[in-house]
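Student: build me a model from this:
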Amino acid sequence: MYDFLRDVSSRYDIGFWKPGAGIIHQVVLENYAFPGGMMVGTDSHTPNAGGLGMVAIGVGGADAVDVMTGMEWELKMPRIIGVRLTGTLSGWASPKDVILKLAGILTVKGGTNALSNISDRVPRLFPLPEKRRFATWGQRLEPLPPYSLMMNGWLLI
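Tutor: This is a model prediction of the structure:
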């Protein structure tokens, strides 16, 4: 199977990461994610790329095959949910607490087919690793933190 995947990836110029290359959501951040882009992936951590301001959506295998073969991938225009965060986190609180609270308020049903546009306070509240965690934990809500200069600094590394 490994040889087949390697050969097909080479033939069709598809990125192929050998076993041991790293955890896929980190590989994606280092090689594919960028602010303002859109990504479709099959890994449950695909929304992790949202930490860099990318709309990153996890899909099933059939949708992934469509994308990989160049077919258009259709997505119903999502509702936009504006979220404005204010204040600061308590010493023990984390971005995961914030996204879980938000998920509790909106519920999965309320966040389905919606894109949560997070206020511009997020860059100051959460460092980049926390924004990634925020994006991953909120995958049902598709939270999208805004682009920040901190992201730019990380991308230049």
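Student: return the distance of the residue nearest the centre of the chain relative to Gly58.
Tutor: Geometric centre of the chain, nearest residue: Pro47, 2.3 Å, by Cα atoms, centre = their mean. Per Cβ to Cβ, to the nearest Å, Pro47 is found 6 Å from Gly58. (Each C-beta comes from the backbone N, C-alpha and C, glycine too.)
Student: and Ile24, by the same measure?
Tutor: Separation of Ile24 from Gly58 (Cβ to Cβ): 12 Å.
Student: between the two, who's got more neighbours?
Tutor: Legend: neighbour count by other Cβ atoms under 10 Å for Ile24 and Gly58, higher for Gly58 (19 against 15).
Student: which phi and psi does the more buried one have?
Tutor: phi -80, psi 140 (degrees, to the nearest 10).
Student: rewinding a little: mutual contacts of Ile24 and Gly58, please.
Tutor: Both Ile24 and Gly58 are in contact with Asp43, where contact means Cβ atoms under 8 Å, 6 or more residues apart in numbering.
Student: what about Ile80, which SS state?
Tutor: strand (DSSP: H, G, I helix; E, B strand; the rest coil).
Student: sorry, that was for Ser10
Tutor: Ser10 - assigned by three-state DSSP - is helix.
Student: pLDDT score for it?
Tutor: On the pLDDT scale, Ser10 is placed at 91.
Student: tell me, how many residues neighbour it?
Tutor: Neighbour count for Ser10, taken as other Cβ under 10 Å: 10.
Student: surely it is in contact with Phe4?
Tutor: No - here Ser10 lies out of contact with Phe4, judged by Cβ atoms under 8 Å, at a distance of 10.9 Å.
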